[in-house]
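> Following is a predicted model, sequence given first.
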Amino acid sequence: MQDSEPPTTATAAPPEPLLRVEGLCKYFPVYRKGLVRRKVGEVRAVDDVNFAIRPGETIGLVGESGCGKTTLVRTILRALDPTGGRAWFASSRGPVDLAAADAPALKRLRTEIQMIFQDPFSSLNPRMTVGDIVGEPLLIHRVGTRAERKDRVADMLRKVGLKPEHMHRYPHAFSGGQRQRIGIARALVLHPSLVVADEAVSALDVSVQAQVINLLEDLQEELGLTTIFVAHDLSVVRHIADRVAVMYAGRLVELAPTDELFENPRHPYTRALLSAVPSPDPDRRLAFALSGEVADPARLPGGCSFHPRCPRRFEPCDSVCPALVQDGPAHVACHLYTERDAPSTPEGPSHRGEPRMDPTSRSRFVGQAANAHE
């Protein structure tokens, strides 16, 4: 009897994205003061953002204050109506464009998409008990009977490190970290598939931050959550995120796996952010410091929005806006990495025919920036 050949194992295809954002924009009109209100401009808070997030993944969204992080996630969740673009969500009922969904459709989707807010003191109603706060989503969406809702709230409180008897207390009886746990319980009680954490730990003490981050990691593994984690602290993002998206002036300038971004940052702005991370060494100096102020989204400069502050700018930077193109495992919007024949990627369409830096100048910059980062 001849031995049968071992079965061939085909490489499993990566799962389809749970959320795909395509060209998402959010502009706020600016009107002239007076009796006759006339539009005189617009604030481009979010401008042509493209990315995709797969089930079970955590994307960290970072950038300076005013770069559009919170506006982006609120536009995705339709707390703000988008000016343009799409946000495809793989709902259990089928793909849905969040940007075009009407109010009834959005209400149905709230069971699958939830948000953890930044301030645990203002996001909880002081006149409601903890049981009512956590159980309110179940009541709104008519999930279970009264007894079943009570049991589900008690179970969720245990999962976030609180006790069932805390259901009868009011928010003022808890510390900041405990209040944030209540907010997390409220967001997860419906068992959503996508959770947006908007600066969920920035208002907490450092020791409490570590506890909440560890809690979020445990809950993500236990419940299979997909998370968009908005933060300022790059050390927090490095600990919790699978990929990191860097925003500047309403646009994504770099998107890369976490280890890749921290070990080999490509965009000059990303290098500056990493250079500014606090260090225990008192003699350490900023290796890649920035000058000037963050670009005003109401009066963005021509070309690349970062070029007035960039120490490595060259000719096309002030006239041509760079596209988000692939460079190894990362995607970067910088003319130093723009390729004439860049392939199409899930995070955005290809942009052919953009200006390209000659290889000699590009390698010289990359070497100088790498030395500065070290």
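Done, it's in. For clarity, every value in this text was computed on a predicted model and none was experimentally measured.

> residue ranges with poor pLDDT in the stretch 251-374 of the chain?
Applying pLDDT under 70 to the stretch 251-374 of the chain flags the ranges 278-289, 339-374.

> so where do the strands sit in it?
Applying DSSP state E, counting those that start in this stretch to the stretch 251-374 of the chain gives strands spanning 251-257, 325-327, 330-332.

> Dump these to a markdown table, plus mean neighbour count.
Bear in mind the C-beta positions are built from the backbone N, C-alpha and C, glycine included. As requested, those are exported to a markdown table (neighbours: other Cβ atoms under 10 Å):
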| stretch | mean neighbour count |
| --- | --- |
| strand 251-257 | 24 |
| strand 325-327 | 20 |
| strand 330-332 | 24 |
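
> Dump those strands to JSON lines, plus distance to residue 18.
Shown next, in JSON lines, are the strands of the stretch 251-374 of the chain (distance: least, Cβ to Cβ, whole Å):
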{"stretch": "strand 251-257", "distance to residue 18": "16"}
{"stretch": "strand 325-327", "distance to residue 18": "21"}
{"stretch": "strand 330-332", "distance to residue 18": "19"}
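
> which residues touch residue 236?
By Cβ atoms under 8 Å, 6 or more residues apart in numbering, the residues touching residue 236 are 201, 209, 213.

> Counting neighbours, what do you get for residue 151?
13 (other Cβ atoms under 10 Å).

> Distance of the residue nearest the centre of the chain relative to residue 318?
By Cα atoms, centre = their mean, the chain has its centre lying nearest to residue 61, at 3.4 Å. As judged by Cβ to Cβ, to the nearest Å, residue 61 and residue 318 stand 27 Å apart.

> give me the beta-bridge partners of residue 46?
residue 26 (DSSP bridges).

> Isn't it up against residue 72?
Yes - counting by Cβ atoms under 8 Å, residue 72 is a contact partner of residue 46 at 5.0 Å.

> intersection of neighbour lists for those two?
Residues touching both residue 46 and residue 72 (Cβ under 8 Å, 6+ apart) are 24, 26.

> higher neighbour count, these two?
Taking other Cβ under 10 Å, residue 46 and residue 72 do not tie; residue 46 has more neighbours (32 against 28).

> Residue 216 belongs to a helix?
Yes - assessed by DSSP: H, G, I helix; E, B strand; the rest coil, residue 216 belongs to a helix.

> give me the number of residues near the closest residue to residue 233 other than its chain neighbours?
Using Cβ to Cβ, 6 or more residues apart in numbering and skipping residues adjacent in sequence, the residue nearest residue 233 is residue 202, 7.1 Å away. By the measure other Cβ under 10 Å, the count of residues near residue 202 is 14.

> Distance-wise, check residue 202 relative to residue 180.
10 Å.

> repeat for residue 95
Plainly put, residue 95 is 33 Å away from residue 180 if you go by Cβ to Cβ.

> Between the two, which is the more surrounded one?
residue 180 (29 against 10).

> mind checking the backbone torsions on the more buried one?
Main-chain dihedrals, residue 180, degrees, to the nearest 10: phi -70, psi -30.

> Kindly state the pLDDT recorded for it?
The model reports residue 180 with a pLDDT of 92.

> now do residue 51
In this model, residue 51 is scored at 94, pLDDT.

> Checking it next. Helix, strand or coil?
Applying three-state DSSP: residue 51 is strand.

> repeat for the one 10 residues further on
When classified by three-state DSSP, residue 61 comes out as strand.

> nearest to residue 158, of the contacts of residue 236?
residue 213 (19.2 Å; Cβ to Cβ).

> contacting residues around the closest one?
201, 236, 239, 240.

> and with 10 Å instead?
If a contact means Cβ atoms under 10 Å, 6 or more residues apart in numbering, then residue 213 has 197, 200, 201, 204, 229, 231, 236, 239, 240 as its contacts.

> and the residue lying closest to the first one once chain neighbours are set aside, what are its phi and psi?
Nearest residue to residue 197, sequence neighbours excluded (Cβ to Cβ, 6+ apart): residue 116, at 4.4 Å. Recorded main-chain torsions at residue 116 are phi -100, psi 120, according to degrees, to the nearest 10.

> and residue 116, how many neighbours?
Using other Cβ under 10 Å, residue 116 has 25 other residues around it.

> Kindly report the same for residue 209.
Number of residues near residue 209 (other Cβ under 10 Å) recorded here: 21.

> same thing with the one 5 residues further on?
Residue 214 is surrounded by 13 other residues when neighbours are defined as other Cβ under 10 Å.
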